[in-house]
Structures are given as C-alpha cells and as structure tokens.
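Colleague: Have a look; sequence and predicted model below, questions after that.
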Amino acid sequence: MAHEMGSFKGIAITQIGVVVRDVKKMVEVYHKTLGWGPWNIYVAEPPLLHSTMLRGKPTPFTFMNAETHVGPVDFEFIQPLEGPSIYKEFLEQHGEGVHHIACMGTGSNYEENLENFEKMGLQPLMSGAIGDTIKFYYLESEPLLKIVLESGSGHMISIKPHMAYP
C-alpha cells in the first residue's frame, strides 16, 4: 500500500506510553529505581473521558494512567480498566511493555494534523476526549512506522490529577 508523504517539517516526540497491569505499583518502582516523578495519576472514566471510539465505532472504555516529565518528554503508564481498548488488546497479546510514542500537536493544529495523517493513509484506530480541552487518537501506523503513533491536542498531565505519587 503506497502512502503519500506527510507535510510535517519535523514533529517532536511528546510522550512514551507503556501499558501495565498495575499503574500504582509501576510509579513506585520507577520512582525508587530511576528517581522519576512526581507522578500525576488519573482515572479516565466518564464524564472526564468521553467520545471514545474503537476502530470507527463508539465504544466505551476506561483506564487508569500516570504521567511524569522526563526532560521534555512525558512518560506514561496506562492500565486498562473496563471495556475493549487497544491497551487491553496489547496486554493480552504482548504483556506489559512500550505501547506507543506520541507526537502531540496543540489545540490549534489538532484537526490539521489528523487530516495530514489521514492523507498518508493513517486512520484512527482508537480515539477519545478528556474534558473540554484534550482530544487524542491512536493511528493504525504500525504497518508503515513499526510503532503505534498517538497524536491529538495534549496530554493529561496538563490537568488536575486524581492523586499524585509520591
């Protein structure tokens, strides 16, 4: 399948995401082992998490995640909770591990970036919204890029967490 090349002039990595079975355990392990933190921990469920889609169909799902900054990059753990999701599929097929790399835009270029990806043949695999300000989507990018690429308008670390560690 031929892909049209994108018109990006270089797009920064904003996040590395790891799917895990226990977010709270992993933030403690990483804090004690690598000194990373503090961590913002979230429970992504309605009404905060809304407009969720999986492979083009409205699909409710929930997850817990934790984020911290490691230099300029956001590092995230994701623990799938209820409903079908690509996080749950990854855990079942591969076990815990690096799930995605994110190259987030900003609120102003979110739609433009999505159109650019779609022109390249990269369709959204899973998407949703967090509150009024964050939209996210994961692309079916593995055949072309050998990774799952996430993009959207921002990361959860920018909103008030449900809890923090330490």
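Modeller: Arrived safely. Residues are numbered from 1 along each chain as shown.
Colleague: mean confidence score for the longest helix seen in the chain?
Modeller: Using DSSP state H to assign secondary structure, the helix with the most residues in the chain is helix 23-34. Here helix 23-34 scores 98 as its mean pLDDT.
Colleague: Which other helices and strands does that helix contact?
Modeller: For helix 23-34, the packing partners by 3 or more C-beta pairs under 8 Å, 6 or more residues apart in numbering; DSSP states H and E come out as strand 39-44, strand 63-70, strand 73-80, strand 163-165. In this view, the C-beta of every residue, glycine as well, is placed from N, C-alpha and C.
Colleague: Can you redo the ones you listed as CSV, where the extra columns are distance to Thr133, mean neighbour count and mean pLDDT?
Modeller: Formatted as CSV, the helices and strands packed on helix 23-34 follow (distance: least, C-beta to C-beta, whole Å; neighbours: other C-beta atoms under 10 Å; pLDDT from 0 to 100):
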stretch, distance to Thr133, mean neighbour count, mean pLDDT
strand 39-44, 14, 21, 97
strand 63-70, 15, 21, 97
strand 73-80, 16, 22, 97
strand 163-165, 20, 14, 95
